[in-house]
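Student: predicted coordinates and the sequence they were generated for:
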Amino acid sequence: MEKTDLQKRHKISVAPMLDWTDRHCRYFHRLLSNRALLYTEMVTTGALMHGDVPRHLRYNVQEHPLALQLGGSEPADLAHCARLGEQWGYDEINLNCGCPSERVQRGAFGACLMAEPQLVADGIKAMVDAVQIPVTVKHRIGIDKAVSYDFVRDFVGTVSEAGCSTFIVHARNAWLKGLSPKENRDVPPLRYELAYQLKQDFPQLTVVVNGGITSNEQIAVHLKHLDGAMLGREAYHNPWWLASWDAAFYGADATELTREQIEAQMCDYMTHDAAAHGTPWPTIARHMLGLRHGLPGARRWRQVWSDHKLKGLPACEVMALAHAGPAASV
């Protein structure tokens, strides 16, 4: 794939978020944006080597372009799982070098891998040799309280030599001790300038920034310096934001669908997935609870779609209740 195609693909993406960006969430997000690159939740190599592969890798064909994020550190296992991802039709394999959770650290992967750039490079090379699709890395700018730019520069330099040309930079350090994963998304300060410096020092690479981005105005600023922006929590909690991206950043037509039409399509999807896979509608509906964010009546609408006492009703009937007057029984 030409570098310019990779850069275009990574211009706007939705971050991999554990317990959030499952296939139902991604289907919903694709209804809102045709162009944004979507990522799976992190899938560990162990889960694919020893678990239910279809359960972890199943997706809807509408989700493309779609990247599979892997968590692991053993090159042979990473190569095997990358091949699985390619066989299942994913467009990219991404290695997680940014998650700071203690559980992930016990597995010797995630953010702690940044302290072992040669091991990461070995894993990248194994995957690059195993597949024809792009292999990328998502990482932090440092670990613990060290603030040296040299650390992340040397990490990127070493890993890029193994065949990785795209780096997604969460512009915070990962504190491996003393902070929860949630606190690690807020407490370490954002230092976007380090991502900008990486692009200056490695102009041949595709560099994407992640962390704390909540508006199109912020995205536009980052795109003056970098190849792309990855959006996480704000995109999840305020999903209607995605509906502006195709027009704002790709020169494409904005979606003609209304929020109500998106909701109706999700109801159809819930009905289909329940029939095909036995998925109860609340498992899917939880991802769209921010769809009416900021609108009158949004709170009651969320309450209806969150009411597990209604789980025996068809999704279309729940939607009707959600849009009925306040006096309607829920």
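Tutor: Cool, the structure landed.
Student: shaky segments in the chain?
Tutor: 1-7, 103-108, 325-330 (pLDDT under 70).
Student: let's see that with 90 instead.
Tutor: Counting by pLDDT under 90, the low-confidence segments of the chain come to 1-9, 99-111, 144-147, 175-188, 253-256, 325-330.
Student: which one's the longest helix in the chain?
Tutor: Criterion DSSP state H: the longest helix present in the chain is helix 259-277.
Student: and the next element down the chain from it?
Tutor: As assigned by DSSP states H and E, the chain's next helix or strand after helix 259-277 is helix 281-285.
Student: can you tell me how far the nearest residue to Asp77 once chain neighbours are set aside sits from Arg83?
Tutor: Nearest residue to Asp77, sequence neighbours excluded (CB to CB, 6 or more residues apart in numbering): Thr45, at 4.1 Å. (Each C-beta comes from the backbone N, C-alpha and C, glycine too.) Distance of Thr45 to Arg83, computed by CB to CB, to the nearest Å: 12 Å.
Student: who's more crowded, the two?
Tutor: Thr45 (23 against 14; other CB atoms under 10 Å).
Student: the more buried one reaches Pro75, doesn't it?
Tutor: No - using CB atoms under 8 Å as the test, Thr45 is too far from Pro75 to be in contact (10.2 Å).
Student: quick one: residues contacting Glu86.
Tutor: Contacts for Glu86 (CB atoms under 8 Å, 6 or more residues apart in numbering) come out as Ile93, Ala130, Val131, Gln132, Ile133.
Student: can we see that at 7 Å?
Tutor: Neighbour list for Glu86: Val131, Gln132, Ile133 [criterion: CB atoms under 7 Å, 6 or more residues apart in numbering].
Student: which outside residues touch the longest helix of the chain?
Tutor: Counting by CB under 7 Å, 6+ apart, 27-28, 31-32, 240, 279-281, 284-285, 288, 291-292, 314-316, 319 sit against helix 259-277.
Student: restrict that helix to CA atoms and write it as CSV.
Tutor: The C-alpha trace of helix 259-277 is given here as CSV (Å, rounded to 0.1, in the frame of the first residue of the first chain):
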residue,chain,number,x,y,z
ARG,A,259,-30.4,10.5,14.7
GLU,A,260,-33.8,8.8,14.6
GLN,A,261,-32.9,7.0,11.3
ILE,A,262,-29.6,5.9,12.9
GLU,A,263,-31.5,4.6,15.9
ALA,A,264,-34.0,2.8,13.6
GLN,A,265,-31.1,1.1,11.8
MET,A,266,-29.6,0.0,15.1
CYS,A,267,-33.0,-1.5,16.0
ASP,A,268,-32.9,-3.5,12.8
TYR,A,269,-29.4,-4.6,13.6
MET,A,270,-30.3,-5.6,17.1
THR,A,271,-33.2,-7.8,15.8
HIS,A,272,-30.9,-9.4,13.2
ASP,A,273,-28.1,-10.0,15.7
ALA,A,274,-30.5,-11.5,18.2
ALA,A,275,-31.7,-14.0,15.6
ALA,A,276,-28.2,-14.8,14.3
HIS,A,277,-26.2,-14.9,17.5
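Student: check which residues of it are buried.
Tutor: Neighbour-count burial for helix 259-277, counted by 16 or more other CB atoms under 10 Å, picks out Arg259, Ile262, Glu263, Met266, Cys267, Tyr269, Met270, Asp273, Ala274.
Student: tabulate those in JSON lines, adding columns for distance to Tyr250.
Tutor: JSON lines is the format used below for the buried residues of helix 259-277 (distance: CB to CB, whole Å):
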{"residue": "Arg259", "distance to Tyr250": "21"}
{"residue": "Ile262", "distance to Tyr250": "19"}
{"residue": "Glu263", "distance to Tyr250": "24"}
{"residue": "Met266", "distance to Tyr250": "23"}
{"residue": "Cys267", "distance to Tyr250": "28"}
{"residue": "Tyr269", "distance to Tyr250": "24"}
{"residue": "Met270", "distance to Tyr250": "29"}
{"residue": "Asp273", "distance to Tyr250": "29"}
{"residue": "Ala274", "distance to Tyr250": "33"}
